[in-house]
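A.B. asks: mind folding the following:
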Amino acid sequence: QTMSGTYYIGQYAPTYKTIMSAVTALKTNGVSGPVVFRIYSGTYDESIEIPSISGASASNTITFESYTKDSSSVIITNSNANSTKKDVIHINGADYLVFNKLTIEPDKLIYWKEGININNGSNYLKFVNCYFDGADNYRMINSTSSVDNYIEILNCHFVGASYSIYFVGELTSYESGHKVVNCYFHNQTSGSIYFGYCSNIIIKNNLITTADTNSTYDFGINVGKFSNSVKIHDNRIILVNSPLNANPYGIQVSTSSNPYLEIINNYIKGNCHGIACQVDNSKIYHNTCIVKSGYDLACIRFRNSNSNNVRNNIFINYDMDFYASIYNVNVLPNSNSILDYNNMISNKIGVAFLTVLAMYPTLSSWQTNTLQDSHSISKNVNFMSDSMHIQDTFMRIGKPLTEVTTDIDGEPRDPNTPYIGCDE
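C.D. replies: Numbering: from 1, shown residues only. All right, here's what the predicted structure looks like:
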């Protein structure tokens, strides 16, 4: 008999004592309506594999959630050291799954375990209000051996792991439709969010922080080899504890075909490059980037890209290294580029603007030689104690942009003279 309705999992549940026993029933019977598994409090040490389930659809979703609606009450782990079954949950071709308010915790004593491993064309998955507790040597949500589409990661908390989210499609078939929204990433050792060979990606309103001085940390957000639309909006990336020789990137975007890229309303602060872009025709609007110290760090770094639109940003570089800069570009802006209405501050006498042909120590020399940033300024910013929100009106010099109607906090932008930077 096909399954539909609400079922219970746990030691004292009437039918399903383990999560895998419930999955076996799904595999055997299929579904004819929405199915919800409410999981009683406890630790579930299992090797879970979810294959394609007959009858699953947009209206017949399959949900696994904690009975108490508290993610800390249900801990799913896997102490099996078998090399083929080390994932906590292996989603192997299943569609329309929802995981809600659960803790995923790979065994920290077993090398290269992953929290969630997704492959074999698994589509329309949601992870909502989940807690991912990792260690130094594995990925928490991984999709690398097939094309898996429309995966949403919402309101989740990631601690530790080498990478929290690591998705890679295929050279001839990109993954599509992923969203990472309202999540918190803390103390990853290599990177927090990575998408490669993907299209139509939204990364929005996330907080990324590092706690220790790990020299292997490379990036907060990295999108490589994409097509169509990528939108990176309203994220807070704070990498103040990165060691001075690490030089990670707050946001890094590289190589694309048929690109549409928005980097809007982001706050980046730390011992890191701010934004690195290898994409033409990007829209980089209303970001606040504060570079602290490191080695040759830049607020914004362009490589082999042009016709970019960089407006209404605040770029501050406190790095005293000789080649530290506001802009670091290897191709001079062409006539289709629009770099303007920015506030750019460098604390040193040296190379404020670095190109492949010349070094420009001041904003005026940059303006004269590139004919860019004609309305841009170089003035100190009166921030509040969080170094993000602005206390004065001197930064109210922005150009209204149709793509940006709110700020990083969701507050409306002034339709005529908006503030520059991420805060209105």
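A.B. asks: where does pLDDT dip in the protein?
C.D. replies: 81, 83-84, 110-112, 136-137, 211-215, 241-245, 294, 348-351, 355-357 (pLDDT under 70).
A.B. asks: check contacts around Gln391.
C.D. replies: 382-384 (CB atoms under 8 Å, 6 or more residues apart in numbering). Using the backbone N, CA and C atoms, a C-beta is placed for each residue, glycine as well.
A.B. asks: one more time with 10 Å
C.D. replies: Gln391 makes contact with 381-385, 423, according to CB atoms under 10 Å, 6 or more residues apart in numbering.
A.B. asks: wait, which of the residues you listed is closest to Gly270?
C.D. replies: Phe383 (15.2 Å; CB to CB).
A.B. asks: which residue sits closest to Ile390, ignoring its sequence neighbours?
C.D. replies: Distances taken as CB to CB, 6 or more residues apart in numbering place Asp423 nearest to Ile390, at 5.2 Å, with adjacent residues excluded.
A.B. asks: returning to what we had before: got a winner among the contacts of Gln391 for most neighbours?
C.D. replies: Within the contacts of Gln391, neighbour counts (other CB atoms under 10 Å) peak at Asp423, which reaches 22 neighbours.
A.B. asks: and the gap between that residue and Asn117?
C.D. replies: 39 Å (CB to CB, to the nearest Å).
A.B. asks: go on, Ile251?
C.D. replies: 26 Å.
A.B. asks: who's more crowded, the two?
C.D. replies: Using other CB under 10 Å as the criterion, Ile251 and Asn117 rank with Ile251 on top: 28 against 22.
A.B. asks: and that one, bridged to which residues?
C.D. replies: Per DSSP bridges, the residues bridged to Ile251 are Ile221, Ile275.
A.B. asks: same question, Gly191
C.D. replies: Tyr163, Phe219.
A.B. asks: so who does it touch?
C.D. replies: 139, 161-166, 185, 208, 216-222, 248-249, 252.
A.B. asks: in ChimeraX, how would I select the buried members of these?
C.D. replies: Selection of buried members from these for ChimeraX, criterion 16 or more other CB atoms under 10 Å:
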select :139,161,162,163,164,165,166,185,208,217,218,219,220,221,222,248,249,252
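A.B. asks: so what's Leu363 closest to, chain neighbours aside?
C.D. replies: Per CB to CB, 6+ apart, closest to Leu363 is Ser378, 4.7 Å.
A.B. asks: swap that for Asn336, sorry
C.D. replies: Nearest non-adjacent residue to Asn336 (CB to CB, 6+ apart): Ser307, at 3.9 Å.
A.B. asks: shouldn't that neighbour be in contact with Leu339?
C.D. replies: No - judged on CB atoms under 10 Å, Ser307 makes no contact with Leu339 at a distance of 11.1 Å.
A.B. asks: show me which of those two is the more surrounded one.
C.D. replies: Between Ser307 and Leu339, counted using other CB under 10 Å, Leu339 has the larger neighbour count: 24 against 14.
A.B. asks: partner strands of the helix or strand in which the more buried one is found and their direction?
C.D. replies: Using DSSP states H and E, Leu339 sits in strand 338-340. With DSSP bridges as the test, strand 338-340 is paired with strand 309-311 (parallel).
A.B. asks: from what I see, the residue nearest to Leu363 and Thr362 are in contact.
C.D. replies: Yes - counting by CB under 10 Å, Thr362 is a contact partner of Ser378 at 7.9 Å.
A.B. asks: overlap in contacts of those two?
C.D. replies: Overlap of the contact sets of Ser378 and Thr362 (by CB under 10 Å, 6+ apart) consists of 344, 346, 352.
A.B. asks: so what's the residue count around the first one?
C.D. replies: By the other CB under 10 Å criterion, the neighbourhood of Met344 contains 26 residues.
A.B. asks: do Asn155 as well
C.D. replies: With other CB under 10 Å as criterion, Asn155 counts 15.
A.B. asks: Asp280 versus that one, what's the distance?
C.D. replies: 34 Å.
A.B. asks: repeat for Ile202
C.D. replies: In terms of CB to CB, Ile202 sits 21 Å off from Asp280.
A.B. asks: checking Val23 next. Helix, strand or coil?
C.D. replies: Val23 falls in the helix class when you classify it by DSSP: H, G, I helix; E, B strand; the rest coil.
A.B. asks: thinking again about what came up before, closest one of the contacts of Gln391 to Ile9?
C.D. replies: Asp423 (45.2 Å).
A.B. asks: give me every residue that touches the closest one.
C.D. replies: Going by CB under 10 Å, 6+ apart, the list of residues near Asp423 reads 265, 267, 286, 288, 314, 383-384, 386, 388-391, 395, 407-409, 411.
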